[in-house]
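Q: The following block contains a protein sequence and its predicted model.
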Amino acid sequence: MRTQRQVVDYSLQKRAVLREVLSGRVGTYDVCDASPYLKNAARFHGDPTDQRCPICRRENLTLVHYIYGDELKQSAGQARTSAELPVLAMTLREFQVFVVEVCLGCDWNHLVEQFLLGRDGLVGGGDDGQEQDAVGGPTARRRREAQR
Ligand SMILES: [Zn+2]
């Protein structure tokens, strides 16, 4: 996504947790603790992947995108599909996205990454007419005629 910025990747932390589980230092009970809310979010707003769950290796992981930010008002903290994010990114100035992977089989869950989205991330602010020219909207056409 074009406006994605300040990405924080949690794959190192995830690998560390998985190492602890594989070595037996941490029980699966401690890491497979997805709440009913998270599982519902995964079921209704999640993005299925073809990545196998690292714990049970039976189910594929589902990615849940949680959105946070003042502009979202009552929608803050809700889950959105990845398809809905670009639309929000063009509407709002800035909001935070947390991506969580969930296994609906064994309840494994872990934060994958977080990042900011929103129009504030567009180069040049996005209001300088170049965007309109690219789309070929009526404003751009009028401006070109005026230049002749
Ligand atoms: Zn699993």
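A: Structure received.
Q: When you work out contacts or count neighbours from here on, use the C-alpha atoms and nothing else.
A: Fine.
Q: Could you export stretch 90-103 as CSV, CA atoms only?
A: The C-alpha coordinates for stretch 90-103 follow below in CSV (Å, rounded to 0.1, in the frame of the first residue of the first chain):
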residue,chain,number,x,y,z
MET,A,90,-7.5,7.5,1.1
THR,A,91,-10.2,8.9,3.4
LEU,A,92,-8.3,9.4,6.6
ARG,A,93,-5.2,11.4,7.3
GLU,A,94,-3.6,8.8,9.6
PHE,A,95,-4.5,5.6,11.5
GLN,A,96,-2.6,2.7,13.0
VAL,A,97,-2.9,-0.9,11.8
PHE,A,98,-2.0,-3.9,13.9
VAL,A,99,-1.7,-7.2,12.0
VAL,A,100,-2.3,-10.4,14.1
GLU,A,101,-2.0,-13.9,12.9
VAL,A,102,-4.5,-16.4,14.3
CYS,A,103,-5.0,-20.2,14.0
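Q: Could you list the buried residues of the longest helix seen in the chain?
A: Across the chain, the longest stretch assigned as helix under DSSP state H is helix 11-23. Residues of helix 11-23 classed as buried: 18, 21 (neighbour count, 16 or more other C-alpha atoms under 10 Å).
Q: Could you see whether the ion lies near it?
A: No. On the criterion C-alpha under 5 Å from the ion, helix 11-23 is out of touch with the ion, staying 12.2 Å away.
Q: For that helix, which outside residues touch it?
A: Contact with helix 11-23 is made by 26-28, 54-55, 110-113, as judged by C-alpha atoms under 8 Å, 6 or more residues apart in numbering.
Q: repeat that with 10 Å
A: Contact partners of helix 11-23, identified using C-alpha atoms under 10 Å, 6 or more residues apart in numbering, comprise 24-31, 54-55, 109-113.
Q: Among those residues, find me the one that's closest to Glu84.
A: Proximity of the contacts of helix 11-23 to Glu84 (C-alpha to C-alpha) peaks at Glu113, which lies at 17.6 Å.
Q: Gln4 is in contact with that closest one, correct?
A: No. Counting by C-alpha atoms under 10 Å, Glu113 sits too far from Gln4 to count as a contact (11.8 Å).
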